[in-house]
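Undergrad: below is the structure, and that's it, no one-letter string:
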């Protein structure tokens, strides 16, 4: 299971940290990350980390502003989001893939958590 939290409302330029608490699967063996979906738009891959080697991947739209980190003791993944923009407004979903990262194709991710809403106002 994946339990996402940390969403909220911020102004442009603000920061938020999302958390994804995992359970029921080997945290160290999965690629774990985040997708988001804005109203009327398709789901978009945002960031992902290969737990085996700690390699992180980011979409071009968030690179340099968002950072993944994880707490292995707590089996929790974090997404630090800085310099937020109104276009970052979306429901953010925590996802997991038993294979190493191969891209942001939604169907590759077999475990999805519930979403957490991030709203960035201008």
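TA: Perfect, I can see it now. From a predicted model like this one, the values you see are computed outputs, not experimental measurements. Numbering: from 1, shown residues only.

Undergrad: contact partners for the residue nearest to the spatial centre of the chain?
TA: Nearest residue to the geometric centre of the chain (Cα atoms, centre = their mean): residue 34, 2.3 Å. Going by Cβ atoms under 8 Å, 6 or more residues apart in numbering, residue 34 touches 18, 20, 45-48, 79, 92-95. C-beta here means a position set from N, CA and C on the backbone, and glycine is covered the same way.

Undergrad: switch the cut-off to 10 Å
TA: Neighbouring residues of residue 34 by Cβ atoms under 10 Å, 6 or more residues apart in numbering: 4, 18, 20, 44-49, 58-59, 62, 66, 68, 77, 79, 81, 92-95, 104, 113, 116.

Undergrad: check residue 110 too.
TA: Here residue 110 is in contact with 25, 30, 95-99 (Cβ under 10 Å, 6+ apart).

Undergrad: out of these, who has the most neighbours?
TA: residue 95 (26 neighbours; other Cβ atoms under 10 Å).

Undergrad: avg pLDDT for the helix or strand containing it?
TA: Under the criterion of DSSP states H and E, residue 95 resides in strand 90-97. Computed over strand 90-97, the mean pLDDT rounds to 97.

Undergrad: and it, which strands flank it?
TA: strand 31-37 (antiparallel), strand 111-121 (antiparallel) (DSSP bridges).

Undergrad: of all these, which lies closest to residue 85?
TA: Between residue 85 and the strands paired with strand 90-97, the shortest gap by Cβ to Cβ is with strand 111-121, which sits at 6.1 Å.

Undergrad: so residue 57 belongs to a strand, correct?
TA: Yes. Residue 57 forms part of a strand when assessed by DSSP: H, G, I helix; E, B strand; the rest coil.

Undergrad: now the contacts of residue 34: which count as buried?
TA: Among those, the ones that count as buried by 16 or more other Cβ atoms under 10 Å are 4, 18, 20, 44-49, 58-59, 62, 66, 68, 77, 79, 81, 92-95, 104, 113, 116.

Undergrad: so what's the spatially closest residue to residue 15 that is not a sequence neighbour up against?
TA: Spatial nearest neighbour of residue 15, chain neighbours left out: residue 82 (4.8 Å); criterion: Cβ to Cβ, 6 or more residues apart in numbering. Residues in contact with residue 82 (Cβ under 10 Å, 6+ apart) are 13-17, 62, 64-67.
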